[in-house]
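[1] Coordinates for the following, if possible.
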Amino acid sequence: MTTHPDTYAALKQVFHEPSRMALVTALSARTAGASFGELKSWCNLTDGNLNRHLKALRDAGVVRVCKVNGSARSHTQIEMTPAGKEQFLQYLQALERALQTTADTLAIPQTPTAALPLLNGSISHSFFA
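    Numbers count the residues shown, from 1 in each chain. Next up, the predicted model:
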């Protein structure tokens, strides 16, 4: 199988880092976003690490970070931007192509116990609906 030249170049580093992958995966499942504390807990990150990864995602236009004033005290709310959702969708499609290319090259058998759980082209815009 011939690999398309963009197969690996499309794996954008902004998403490929494990902690940022965890963050955008968690956020993409929530239409209202999540609080700083929720993301910190879900992704098992320190305040400093979470801030660093959120800065990278914010700088890339993937997330929006908002201070919300509550009755008792303010909190930080993070949500994916529409452009961030589109970028993440493109990243997932590129990752799927790269994984399929690797599986084809390695001739991984497609049996229930040995199959690589590939998505078989199933990632679409409905992923974020």
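[2] average model confidence for stretch 18-37?
    Mean pLDDT, computed over stretch 18-37, is 92.
[3] can you check stretch 41-57 too?
    For stretch 41-57, the mean per-residue pLDDT is 95.
[4] Stretch 71-82 now?
    Averaged across stretch 71-82, the pLDDT comes to 88.
[5] For it, measure first residue to last.
    With Cα to Cα, to the nearest Å applied, stretch 71-82 spans 29 Å between its terminal residues.
[6] Contacts made by it with the rest, please.
    By Cβ atoms under 8 Å, 6 or more residues apart in numbering, the surrounding residues in contact with stretch 71-82 are 24, 27-28, 30, 32-37, 39, 54, 61-68, 88. All C-beta atoms are positioned from the backbone trio N, CA, C, and that covers glycine.
[7] What about these, which are in helices?
    Secondary structure from DSSP state H places 24, 27-28, 36-37, 39, 54, 88 of these in helices.
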